[in-house]
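>>> A structural model of the following input is requested.
(one chain, ligands or ions: 1)
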Amino acid sequence: MKKITVAIDGFSSTGKSTLAKQLAKQLEYVYVDTGAMYRAVTLYAMKNGYINAESFDKEKLVADLPSIQLTFQFNAELGFGEMFLNGENVEKEIRTIEVSSFVSKVAEVSQVRSKLVEQQQEMGKNKGIVMDGRDIGTVVFPDAELKVFMTASASTRAQRRFDELQQKGDDVTYEEVLKNVEERDYIDTHREDSPLVIADDAIEIDNSYLNKEEQFAAVMELVNDVV
Ligand code: C5P
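The predicted structure is shown next:
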(Lines give C-alpha, C1' and ligand atoms only; values in the text may rest on other atoms or scores of the structure.)
Protein backbone atom coordinates (compact mmCIF):
# COMPACT_ATOMS: atom_id res chain seq x y z
CA MET A 1 0.00 0.00 0.00
CA LYS A 2 1.42 3.42 -0.89
CA LYS A 3 2.29 5.78 1.94
CA ILE A 4 0.54 9.15 1.96
CA THR A 5 0.54 12.40 3.88
CA VAL A 6 -2.54 13.14 5.97
CA ALA A 7 -3.05 16.79 6.96
CA ILE A 8 -5.54 17.51 9.73
CA ASP A 9 -6.33 21.15 10.37
CA GLY A 10 -9.02 22.96 12.24
CA PHE A 11 -10.01 25.09 15.20
CA SER A 12 -8.76 24.59 18.77
CA SER A 13 -10.05 21.58 20.67
CA THR A 14 -11.89 19.95 17.78
CA GLY A 15 -10.33 16.60 18.63
CA LYS A 16 -7.72 16.82 15.86
CA SER A 17 -5.01 15.15 17.89
CA THR A 18 -7.25 12.30 19.08
CA LEU A 19 -8.22 11.55 15.49
CA ALA A 20 -4.65 11.96 14.20
CA LYS A 21 -3.30 9.56 16.84
CA GLN A 22 -5.95 6.95 16.01
CA LEU A 23 -5.16 7.22 12.30
CA ALA A 24 -1.39 7.05 12.79
CA LYS A 25 -1.77 3.95 14.94
CA GLN A 26 -4.05 2.20 12.48
CA LEU A 27 -1.91 3.06 9.44
CA GLU A 28 1.42 2.61 11.28
CA TYR A 29 2.37 6.16 10.36
CA VAL A 30 4.29 8.80 12.29
CA TYR A 31 2.09 11.30 14.15
CA VAL A 32 3.21 14.90 14.58
CA ASP A 33 1.36 17.38 16.79
CA THR A 34 2.50 20.76 15.45
CA GLY A 35 0.56 22.63 18.14
CA ALA A 36 2.98 21.07 20.66
CA MET A 37 5.86 22.75 18.83
CA TYR A 38 4.24 26.22 19.01
CA ARG A 39 3.40 25.53 22.65
CA ALA A 40 7.01 24.57 23.45
CA VAL A 41 8.36 27.79 21.90
CA THR A 42 5.77 29.68 23.97
CA LEU A 43 6.90 27.92 27.14
CA TYR A 44 10.48 28.90 26.31
CA ALA A 45 9.40 32.55 25.90
CA MET A 46 7.52 32.44 29.23
CA LYS A 47 10.41 30.87 31.13
CA ASN A 48 12.78 33.51 29.82
CA GLY A 49 10.43 36.36 30.70
CA TYR A 50 9.88 37.35 27.06
CA ILE A 51 6.09 37.08 27.26
CA ASN A 52 3.58 37.79 30.02
CA ALA A 53 0.11 39.34 30.32
CA GLU A 54 1.51 42.84 29.78
CA SER A 55 4.19 42.49 27.15
CA PHE A 56 5.84 40.36 24.50
CA ASP A 57 9.47 40.95 23.47
CA LYS A 58 9.39 39.35 20.04
CA GLU A 59 12.90 40.48 19.14
CA LYS A 60 14.45 38.60 22.05
CA LEU A 61 12.53 35.45 21.17
CA VAL A 62 13.51 35.70 17.50
CA ALA A 63 17.18 36.20 18.46
CA ASP A 64 17.07 32.99 20.52
CA LEU A 65 15.34 30.86 17.85
CA PRO A 66 18.50 29.20 16.50
CA SER A 67 19.24 27.78 19.96
CA ILE A 68 15.74 26.41 20.60
CA GLN A 69 15.77 22.65 20.01
CA LEU A 70 12.46 20.86 19.62
CA THR A 71 12.29 17.08 19.41
CA PHE A 72 9.63 14.42 19.73
CA GLN A 73 10.63 11.29 21.63
CA PHE A 74 8.38 8.30 21.11
CA ASN A 75 6.85 6.96 24.32
CA ALA A 76 5.72 3.38 23.64
CA GLU A 77 3.40 3.35 26.64
CA LEU A 78 1.55 6.46 25.47
CA GLY A 79 1.86 5.50 21.80
CA PHE A 80 3.02 8.92 20.62
CA GLY A 81 6.01 11.25 20.69
CA GLU A 82 6.37 13.50 23.70
CA MET A 83 7.61 17.05 23.24
CA PHE A 84 11.14 17.85 24.41
CA LEU A 85 12.40 21.43 24.64
CA ASN A 86 16.20 21.68 24.73
CA GLY A 87 16.39 18.13 26.06
CA GLU A 88 13.69 18.51 28.72
CA ASN A 89 10.36 16.70 28.60
CA VAL A 90 7.74 19.46 28.56
CA GLU A 91 4.75 17.39 27.40
CA LYS A 92 2.70 18.23 30.52
CA GLU A 93 3.82 21.83 30.98
CA ILE A 94 2.85 22.88 27.46
CA ARG A 95 -0.81 21.88 27.99
CA THR A 96 -1.62 24.37 30.76
CA ILE A 97 -4.10 27.22 30.32
CA GLU A 98 -1.22 29.72 30.79
CA VAL A 99 0.61 28.38 27.75
CA SER A 100 -2.71 28.28 25.85
CA SER A 101 -3.30 31.93 26.67
CA PHE A 102 -0.03 33.07 25.01
CA VAL A 103 0.54 30.52 22.25
CA SER A 104 -1.44 32.25 19.50
CA LYS A 105 0.57 35.45 19.99
CA VAL A 106 3.81 33.51 19.59
CA ALA A 107 2.39 31.67 16.56
CA GLU A 108 1.80 35.01 14.81
CA VAL A 109 5.56 35.65 14.56
CA SER A 110 6.72 34.83 11.02
CA GLN A 111 10.24 33.81 12.06
CA VAL A 112 8.79 31.31 14.53
CA ARG A 113 6.52 29.91 11.85
CA SER A 114 9.24 29.52 9.24
CA LYS A 115 11.53 27.69 11.66
CA LEU A 116 8.79 25.26 12.69
CA VAL A 117 7.40 24.76 9.18
CA GLU A 118 10.87 23.84 7.93
CA GLN A 119 11.24 21.24 10.68
CA GLN A 120 7.74 19.86 9.96
CA GLN A 121 8.46 19.53 6.24
CA GLU A 122 11.67 17.66 7.05
CA MET A 123 9.77 15.25 9.34
CA GLY A 124 7.23 14.51 6.61
CA LYS A 125 9.48 14.31 3.59
CA ASN A 126 9.17 10.51 3.32
CA LYS A 127 5.36 10.54 3.71
CA GLY A 128 3.70 7.99 5.98
CA ILE A 129 2.79 10.83 8.32
CA VAL A 130 -0.30 12.24 10.00
CA MET A 131 0.23 15.86 11.02
CA ASP A 132 -2.25 18.09 12.80
CA GLY A 133 -2.28 21.86 13.15
CA ARG A 134 -3.68 24.98 11.53
CA ASP A 135 -1.70 25.35 8.29
CA ILE A 136 -0.73 21.79 7.38
CA GLY A 137 -2.90 21.48 4.27
CA THR A 138 -2.33 25.08 3.18
CA VAL A 139 1.35 25.77 3.93
CA VAL A 140 3.30 22.80 5.29
CA PHE A 141 2.05 20.11 2.89
CA PRO A 142 -0.09 21.75 0.19
CA ASP A 143 0.29 18.53 -1.84
CA ALA A 144 -0.95 16.21 0.93
CA GLU A 145 -3.05 13.39 -0.54
CA LEU A 146 -5.70 13.76 2.16
CA LYS A 147 -6.69 16.97 3.93
CA VAL A 148 -9.27 17.03 6.67
CA PHE A 149 -10.57 20.23 8.25
CA MET A 150 -12.30 19.81 11.60
CA THR A 151 -14.86 22.11 13.14
CA ALA A 152 -17.29 22.07 16.06
CA SER A 153 -19.13 24.82 17.91
CA ALA A 154 -17.05 26.92 20.34
CA SER A 155 -19.14 25.76 23.31
CA THR A 156 -18.71 22.06 22.42
CA ARG A 157 -14.96 22.56 22.09
CA ALA A 158 -14.66 24.54 25.32
CA GLN A 159 -16.61 21.88 27.21
CA ARG A 160 -14.28 19.14 25.92
CA ARG A 161 -11.14 21.10 26.80
CA PHE A 162 -12.59 22.01 30.23
CA ASP A 163 -13.33 18.33 30.98
CA GLU A 164 -9.78 17.38 29.96
CA LEU A 165 -8.16 20.07 32.13
CA GLN A 166 -10.36 19.17 35.08
CA GLN A 167 -9.37 15.52 34.78
CA LYS A 168 -5.74 16.62 34.97
CA GLY A 169 -6.56 18.56 38.14
CA ASP A 170 -6.15 22.04 36.60
CA ASP A 171 -7.88 24.78 38.57
CA VAL A 172 -9.79 26.47 35.75
CA THR A 173 -13.37 27.55 35.04
CA TYR A 174 -15.47 26.74 31.96
CA GLU A 175 -15.74 30.49 31.22
CA GLU A 176 -11.93 30.86 31.19
CA VAL A 177 -11.60 27.95 28.78
CA LEU A 178 -14.35 29.28 26.48
CA LYS A 179 -12.72 32.73 26.45
CA ASN A 180 -9.36 31.16 25.58
CA VAL A 181 -10.85 29.05 22.77
CA GLU A 182 -12.59 32.12 21.28
CA GLU A 183 -9.51 34.31 21.56
CA ARG A 184 -7.31 31.72 19.88
CA ASP A 185 -9.87 31.23 17.09
CA TYR A 186 -9.83 34.97 16.48
CA ILE A 187 -6.05 35.37 16.42
CA ASP A 188 -5.49 32.16 14.42
CA THR A 189 -7.97 33.18 11.71
CA HIS A 190 -6.91 36.84 11.52
CA ARG A 191 -3.10 36.66 11.58
CA GLU A 192 -1.20 37.84 8.54
CA ASP A 193 1.13 34.86 8.16
CA SER A 194 -0.59 31.54 7.41
CA PRO A 195 -4.01 32.25 8.92
CA LEU A 196 -6.25 29.32 9.70
CA VAL A 197 -8.30 28.79 6.52
CA ILE A 198 -9.76 25.71 4.97
CA ALA A 199 -7.75 24.49 1.98
CA ASP A 200 -9.73 24.34 -1.28
CA ASP A 201 -9.28 20.58 -1.47
CA ALA A 202 -9.89 19.79 2.23
CA ILE A 203 -12.84 17.75 3.44
CA GLU A 204 -14.68 19.43 6.29
CA ILE A 205 -15.91 17.41 9.24
CA ASP A 206 -18.12 19.04 11.87
CA ASN A 207 -17.84 16.74 14.83
CA SER A 208 -20.18 18.54 17.24
CA TYR A 209 -22.47 15.52 17.07
CA LEU A 210 -20.07 12.73 16.08
CA ASN A 211 -18.46 10.45 18.61
CA LYS A 212 -14.81 9.38 18.28
CA GLU A 213 -15.68 6.05 16.65
CA GLU A 214 -17.99 7.60 14.04
CA GLN A 215 -15.44 10.24 13.22
CA PHE A 216 -12.62 7.72 12.90
CA ALA A 217 -14.71 5.47 10.64
CA ALA A 218 -15.59 8.42 8.39
CA VAL A 219 -11.96 9.47 7.99
CA MET A 220 -10.71 5.89 7.47
CA GLU A 221 -13.11 5.67 4.53
CA LEU A 222 -11.50 8.78 3.08
CA VAL A 223 -8.03 7.27 3.60
CA ASN A 224 -9.05 4.06 1.87
CA ASP A 225 -10.24 6.05 -1.14
CA VAL A 226 -6.74 7.48 -1.54
CA VAL A 227 -4.28 4.71 -0.69
O1 C5P B 1 -3.31 22.49 18.36
P2 C5P B 1 -3.10 23.33 19.61
O3 C5P B 1 -4.37 23.85 20.19
O4 C5P B 1 -2.23 22.67 20.61
O5 C5P B 1 -2.29 24.60 19.06
C6 C5P B 1 -1.95 25.66 19.90
C7 C5P B 1 -1.81 26.95 19.09
O8 C5P B 1 -0.65 26.87 18.25
C9 C5P B 1 -2.94 27.30 18.14
O10 C5P B 1 -4.00 27.99 18.79
C11 C5P B 1 -2.25 28.18 17.11
O12 C5P B 1 -2.14 29.51 17.57
C13 C5P B 1 -0.85 27.59 17.06
N14 C5P B 1 -0.64 26.70 15.90
C15 C5P B 1 -0.39 27.26 14.68
N16 C5P B 1 -0.09 26.46 13.61
C17 C5P B 1 -0.08 25.12 13.74
C18 C5P B 1 -0.36 24.52 14.99
C19 C5P B 1 -0.67 25.34 16.06
O20 C5P B 1 -0.40 28.48 14.54
N21 C5P B 1 0.24 24.36 12.68
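>>> end-to-end on stretch 91-103?
15 Å (Cα to Cα, to the nearest Å).
>>> quick one: contacts of it?
Outside stretch 91-103, the residues that touch it by Cβ atoms under 8 Å, 6 or more residues apart in numbering are 35-36, 38-40, 42-43, 45-46, 51, 56, 82-83, 165, 168, 170, 172, 176-177, 180, 183-184. Heads up, the C-betas are built off the backbone N, CA and C, glycines and all.
>>> can you give me the helices for the chain?
Assigned by DSSP state H, the helices in the chain fall at 16-27, 34-47, 58-64, 97-106, 110-123, 154-167, 174-190, 212-226.
>>> For the ligand, find the nearest of those helices.
When the helices of the chain are compared by Cβ to the nearest ligand atom, helix 34-47 sits nearest the ligand, at 2.4 Å.
>>> any idea how far the spatially most central residue of the chain is from residue 78?
What sits nearest the mean C-alpha location of the chain, by Cα atoms, centre = their mean, is residue 35, with 2.8 Å. Distance of residue 35 to residue 78, computed by Cβ to Cβ, to the nearest Å: 16 Å.
>>> Same question for residue 72.
For residue 72 relative to residue 78 (Cβ to Cβ), the value is 11 Å.
>>> more neighbours, the two?
Using other Cβ atoms under 10 Å, the more surrounded residue of residue 72 and residue 78 is residue 72, with 18 against 10.
>>> Now do the contacts for the residue nearest to that one when sequence neighbours are not counted.
Computed as Cβ to Cβ, 6 or more residues apart in numbering, the closest residue to residue 72 that is not its neighbour in sequence is residue 81, at 3.1 Å. Contacts for residue 81 (Cβ under 8 Å, 6+ apart) come out as 30-33, 72-75.
>>> nearest residue to residue 51 other than its sequence neighbours?
Nearest non-adjacent residue to residue 51 (Cβ to Cβ, 6+ apart): residue 45, at 4.4 Å.
>>> burial measure for the one you found, as a count.
Around residue 45 there are 26 residues (other Cβ under 10 Å).
>>> thought it was touching residue 63?
No: the criterion here is Cβ atoms under 8 Å, and residue 45 misses it with residue 63 at 11.6 Å.
>>> how far away is residue 86 from residue 68?
7 Å.
>>> what touches both of the two?
Common neighbours of residue 86 and residue 68 (Cβ under 8 Å, 6+ apart) are residue 44.
>>> need the contact list for the residue nearest to the residue nearest to the centre of the chain when sequence neighbours are not counted.
Excluding the flanking residues, the one nearest residue 35 by Cβ to Cβ, 6+ apart is residue 133, at 6.0 Å. Contact analysis of residue 133 by Cβ under 8 Å, 6+ apart lists 8-9, 16, 33-35, 120, 140.
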